[in-house]
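**Student:** from the sequence below, what's the structure:
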Amino acid sequence: MSINFEKNGLIAHIKNSSISYILEVIDDKYLINRYFGKTIREYRETNTFQYFKRGYNTQHISSIEHLSFDDFPFEYPARGHGDYRIPAISITPSTGIDFIDLTFKEWRILKEKPKISGLPSTFSEEGETETLEIICEDVSSGIRVYMYYSIFDNLGIIVRHQKIENFGIQKVTINSAKSLSLELPAKDYDFLSLYGTHAKEANVSRFALHRGIQKIESARGASSPQHQPFFALLSPDTCEESGEVYGFHLIYSGSFSAEVEKDQFGNVRAQMGLNPDNFKWSLESGEIFETPEVVINYSNNGLNGMSQNFHKLYKSHLIPKKIMNQERPILLNSWESMYYDVTLDKIEQQSNIAQELGIELFVLDDGWFRLSNSSKTSMGDWKCNEKKLPGGINKVAEIIHKKGLKFGLWFEPEMISKASNLYSEHPEWALQIPNYPMIEGRNQYVLDLSRKDVQEYIINIFHEYLKDGKIEYIKWDMNRPLTEVNSLELDFGRKSEIWHRYVLGLYYVLETIISTYPNVLFEGCSSGGARFDPGMLYYTPQIWTSDNTDAFDRTIIQSGYSLLYPPIAMGAHVSITPNHQTGRITSMNTRYQVARLFNLGYELDLSKCQDYEIKEIAEQIAESKRNKKLIQYGDFFRHDVQNDNYSMWSTVNSDKTEAIVIIFQKFHNPIKSHCLFKLNYLNSDFDYCEKNTGKIYGGDELMSVGLSIPLIKSDFHAFAFHFEKIS
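**Tutor:** Below you'll find the model as predicted:
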């Protein structure tokens, strides 16, 4: 890992054993990108610029003959001076003219990784990162931009963000400030992203990049299930196990924009950051604005190589280390067994069985504070309904703790019901636009988290419940997108800042609570995966993956999210059959196998399970406890399978001495070829024992020839194999 200056300080080469990122200053003015990809020992300018003299173009005084801004690889481009492609920054200074001309001033190396004020970002210990700080400025407008590039030891990752300073004497307006702008050379790429909707998250979209702009975004106030704040550009022949991939992921939980432009010459510009459609920011003299951090990921080992980079980064440099290094409890969630109709008798009954099964955490979901058994009341009050639960939450905690289980509680702290005491007392605390009707979602409005009084109210609610240490887990939910996004408190000139200020307020609340109660495990949720993003992962080290618990659908959802997130971050529950969301019937074994390589939990009425089901669940939990370390700390892989009727996952420990392999048969289909499944990512020199059968296999045979599975005449069947190295 190093950052070196070459060519008399005009070239910066950021590199480690995996990647190189090379920047150059041209004519002491223009900052450009020369290369990003597989590491090279030294840059000797093999890719020199060569331009034809072009008509219908702009002319610039430069050492480069016939320089054209039409395809010049600017590192942080703006419009207005001959580059007509998508801009990374747009600022209106006091002149009222949307124009900025940033020129290079200086760069230096920082040994520490800088924090970003008010925003989550990756962290590192001493010696794990180096950072290049670049300063560019426009003296006429009084704008200075600090650009930060941090590289991690032994990861194909660079993270970057910008800091914008107004050193002039007049206010300026930031119209757009992307976190990423990257130039890639002209060649064929596929564009890959994750799209979806509630209960159908993380579907893979892949298509050939075409001329023009391709864009995904969220304008919902949250990262949203519609589009993950991620995309990748990959060689057309890239698969799970081979090929070149550039992946980009934004560490942010609000509205975002991600777009790629393939220009008339075939060159590619990739950008990502705050969504400019609902963002403007007034920057007074002397003020600074910081963009969210973006993760730039390169792999020449296929999509699994990209995934391993993301997984290792997030496990070591984003999720709080104290939580990441603790074994996660196997939980029972009350939602699908009780819904809103919670009672002490039901809690006593469920926790009794949970204790016998070996479950470690009982989570009381929604309903405990509602005045009725519906979503129509009480949001924001957070007073336990003691008609439902005599003795309140303290009594529930007492019942659970007597069983030797940990206790968790559900909240949706960003919301307020119209039928609540809080709304009667503080109607101004809800997002709203005067003279327009307020729109409900799930029978609730959204609290204005840009307000300090609202932030402190939420923080104090959590203090009341967490101060005595009786609650070890919080499920933090958020069940609707933002509408009427306006603060009655915010000044007229700053109304367009509310979208971003909401997210900053959310982060302030989370930071305050989590730093005060570091031993409490927080799980994020937003109707499942509507706010599953790296920004939330910084605070909530596990996230409820989807409200859809159907095993078949979960193979798709969890595969999609595994492109980016380590499985330990994904909540995966064994639920009832027929499934409550889809009505699909799957076996208990299949439901367990789909969930077991992830953050395992159960969400069903245990009192209605048959004796054989109770016995099977107990065996599943015992097995999962034996394999906790392998699942939490192992490397997760998706496998290329020739027959699309099957999908395949594996978790392998770091020294490749142990692996769990799961193969899913979607349908019984006798006219499909019965394929072989190659167990890549083992060690070809080892011999392995399959623990369920006692059979011995060579690693080379498993990897090169492959494994066959039994013929099973059933749909939605899961096969599990557990391999251990033998002497």
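**Student:** past the biggest helix by length in the chain, which element shows up next along the chain?
**Tutor:** In the chain, taking DSSP state H as the definition, the longest helix is helix 498-516. Following helix 498-516 in sequence order, the next helix or strand is strand 521-524 (DSSP states H and E).
**Student:** and that next one, how far out from the chain middle?
**Tutor:** Strand 521-524 sits 14 Å away from the centroid of its parent chain (C-alpha atoms, centre = their mean, to the nearest Å).
**Student:** contacts for the next helix or strand after it, please.
**Tutor:** Downstream of strand 521-524, the first helix or strand assigned by DSSP H and E is helix 534-537. Residues from elsewhere that reach helix 534-537, judged by C-beta atoms under 8 Å, 6 or more residues apart in numbering: 119-120, 223, 229, 249-253, 292, 295, 314, 318-319, 503, 507, 524, 543, 564-565, 569. For the C-beta atoms, the positions are set from N, CA and C on the backbone; glycine is no exception.
**Student:** could you redo the last one with a cut-off of 6 Å?
**Tutor:** Around helix 534-537, the neighbours that count as contacts under C-beta atoms under 6 Å, 6 or more residues apart in numbering are 120, 251, 252, 253, 318, 524.
**Student:** is it true that the fifth one touches residue 122?
**Tutor:** So that's residue 318. Yes: in terms of C-beta atoms under 6 Å, residue 318 counts as a neighbour of residue 122; the distance is 5.3 Å.
**Student:** out of these two, which sits in the more crowded spot?
**Tutor:** residue 318 (25 against 22; other C-beta atoms under 10 Å).
**Student:** how far away is that one from residue 605?
**Tutor:** To residue 605, residue 318 is 36 Å away according to C-beta to C-beta, to the nearest Å.
**Student:** for the closest residue to residue 530 other than its chain neighbours, which residues are in contact?
**Tutor:** In this structure, residue 530 finds its nearest non-sequential neighbour in residue 225, 4.8 Å apart by C-beta to C-beta, 6 or more residues apart in numbering. Neighbour list for residue 225: 196, 197, 198, 201, 529, 530 [criterion: C-beta under 6 Å, 6+ apart].
**Student:** buried ones in stretch 134-151?
**Tutor:** 134-138, 141-151 (16 or more other C-beta atoms under 10 Å).
**Student:** now that stretch: mean pLDDT?
**Tutor:** The average pLDDT for stretch 134-151 rounds to 97.
**Student:** what's the neighbour count on residue 354?
**Tutor:** 24.
**Student:** wait, is it part of a helix?
**Tutor:** Yes: Residue 354: assigned to a helix according to DSSP: H, G, I helix; E, B strand; the rest coil.
**Student:** I'd say it and residue 333 touch.
**Tutor:** No: using C-beta under 6 Å, residue 354 makes no contact with residue 333, being 10.6 Å away.
**Student:** what's around the nearest residue to residue 500 once chain neighbours are set aside, how many residues?
**Tutor:** Distances taken as C-beta to C-beta, 6+ apart place residue 279 nearest to residue 500, at 5.8 Å, with adjacent residues excluded. Around residue 279 there are 21 other residues, counting by other C-beta under 10 Å.
**Student:** can you check the one 5 residues further on too?
**Tutor:** Residue 284 is flanked by 11 other residues according to other C-beta under 10 Å.
**Student:** wait, doesn't it sit right on residue 171?
**Tutor:** Yes: with contact defined as C-beta under 6 Å, residue 284 counts as touching residue 171 (5.2 Å).
**Student:** returning to that earlier point: highest neighbour count among the contacts of helix 534-537?
**Tutor:** residue 253 (31 neighbours).
**Student:** how much space between that one and residue 517?
**Tutor:** Residue 253 is 20 Å from residue 517, by C-beta to C-beta.
**Student:** I'd say residue 22 and residue 13 touch.
**Tutor:** Yes: at 5.2 Å, residue 22 counts as touching residue 13 under the criterion of C-beta under 6 Å.
**Student:** flag the shaky bits of this protein, pLDDT-wise.
**Tutor:** 673 (pLDDT under 70).
**Student:** so who does the spatially most central residue of it touch?
**Tutor:** In the chain, the C-alpha nearest the mean C-alpha coordinate belongs to residue 533, at 2.7 Å (C-alpha atoms, centre = their mean). Residue 533 sits next to 223, 229, 253 when contact means C-beta under 6 Å, 6+ apart.
**Student:** from those residues, which is closest to residue 104?
**Tutor:** Nearest to residue 104, judged by C-beta to C-beta, of those is residue 229 at 29.2 Å.
**Student:** neighbours of the closest one, how many?
**Tutor:** 32.
**Student:** for residue 724, same thing?
**Tutor:** Neighbours of residue 724 (other C-beta under 10 Å): 13.
**Student:** beta partners of it?
**Tutor:** Counting by DSSP bridges, residue 724 forms beta bridges with residue 658, residue 689.
**Student:** surely it is in contact with residue 658?
**Tutor:** Yes: if you go by C-beta under 6 Å, residue 724 and residue 658 touch, sitting 5.1 Å apart.
**Student:** quick check: domain ranges of the chain?
**Tutor:** 92-320, 636-726 (automatic domain parsing).
**Student:** right, and these - which one's nearest residue 337?
**Tutor:** Here domain 92-320 is closest among these (C-beta to C-beta), at 18.9 Å.
**Student:** tell me the secondary structure for residue 552?
**Tutor:** helix.
**Student:** quick one on the thing from earlier: would you mind checking the contacts of residue 225 for buried ones?
**Tutor:** 196, 198, 201, 529, 530.
**Student:** which ones are touching residue 298?
**Tutor:** Contacts here follow C-beta under 6 Å, 6+ apart; on that basis residue 298 touches 19, 37, 156, 246.
**Student:** tell me how far the nearest residue to the third one once chain neighbours are set aside lies from residue 296.
**Tutor:** Computed as C-beta to C-beta, 6+ apart, the closest residue to residue 156 that is not its neighbour in sequence is residue 18, at 4.0 Å. From residue 18 across to residue 296, the span is 12 Å (C-beta to C-beta).
**Student:** residues in contact with the nearest residue to residue 529 once chain neighbours are set aside?
**Tutor:** Distances taken as C-beta to C-beta, 6+ apart put residue 201 closest to residue 529, at 3.9 Å, once the chain neighbours are dropped. For residue 201, the contacting residues are 225, 529, 546, 557, by C-beta under 6 Å, 6+ apart.
**Student:** among those, which are located in helices?
**Tutor:** residue 557.
**Student:** what's the span of stretch 572-586 from first residue to last?
**Tutor:** The straight-line separation of the ends of stretch 572-586 (C-alpha to C-alpha, to the nearest Å) is 15 Å.
**Student:** now it: buried residues?
**Tutor:** 572, 573, 574, 575, 576, 577, 579, 580, 581, 586.
**Student:** checking my notes, the second one in a strand, right?
**Tutor:** It refers to residue 573. Yes: counting by three-state DSSP, residue 573 is part of a strand.
**Student:** which residues pair with it across the strands?
**Tutor:** residue 601.
**Student:** that one contacts residue 599, correct?
**Tutor:** No: taking contacts as C-beta under 6 Å, residue 573 lies outside contact range of residue 599: 9.1 Å.
**Student:** so which elements touch the longest strand anywhere in the chain?
**Tutor:** Scanning the chain for the longest strand, with DSSP state E as the assignment, gives strand 172-184. Under the contact criterion of 3 or more C-beta pairs under 6 Å, 6 or more residues apart in numbering; DSSP states H and E, strand 172-184 touches strand 89-92, strand 268-274, strand 281-283.
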